[in-house]
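J.: let me see the structure of the following:
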Amino acid sequence: MKQSEIVKIMLAELGIKDASEINKVLKAKDAPAIRFRIAGKKIGHLGFTGLIKSVEAAGLKVFDVNKVTLLKYSDIEKFEKAKPKVPRPVQPKKEIVPEKKTARRGPIEVGAFTAENEDDESEGQDQEDTKTVSRRKPAGKQGSRFIPAKPGKL
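T.: Presented below is the predicted three-dimensional model:
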């Protein structure tokens, strides 16, 4: 971008008529804190938004995080006044509803649903004699077959 185009934009934003007064206004103690958006391939993908310290013959001196950086006019592709910061709308917090607890299943009666049980009842056995078994983890290898095991453990 050309120096003359950048100076025209700065004159309009600072409200002055003479280009020689730009650096005086920027260096004054009560200088307006106008932020400018500067973009270009060499400056960075998203560009740079910040305060300008001074306008030089080689480029613009801008305040970086803790230093002053010179951005050359040949590196600047886009120059405009930065948009004001707008706070994001606050979303209300979602209420946490406790989940209903489901009843745990008790022990399983062995033979309660088998055909053998019907045969046993016909012989006269009491239902009170049926044994109860608690649930256990399945026996055998656990885990995925696709995760390689240590050699020698297969």
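J.: where's Val62, which helix or strand?
T.: strand 59-63 (DSSP states H and E).
J.: pLDDT of that strand, averaged?
T.: For strand 59-63, the per-residue pLDDT values average out at 87.
J.: check for me that Asn66 belongs to a strand.
T.: No. Judged by DSSP: H, G, I helix; E, B strand; the rest coil, Asn66 forms no part of a strand; its state is coil.
J.: burial of it, as a residue count?
T.: Look at Asn66: counted by other CB atoms under 10 Å, it has 5 neighbours. (Each C-beta comes from the backbone N, C-alpha and C, glycine too.)
J.: now do Ala31
T.: As a burial measure, Ala31 scores 14 neighbours (other CB under 10 Å).
J.: check the one 3 residues further on too.
T.: By the criterion of other CB under 10 Å, Ile34 has 15 neighbours.
J.: correct me, but it touches Lys83?
T.: No. Applying CB atoms under 8 Å as the test, Ile34 and Lys83 come out as separate, 12.0 Å apart.
J.: from Met1, how far off is the closest residue to Ala31 other than its chain neighbours?
T.: Counting by CB to CB, 6 or more residues apart in numbering, Ala31 lies nearest to Val25, which is 6.2 Å off, once chain neighbours are set aside. According to CB to CB, to the nearest Å, Val25 and Met1 sit 21 Å apart.
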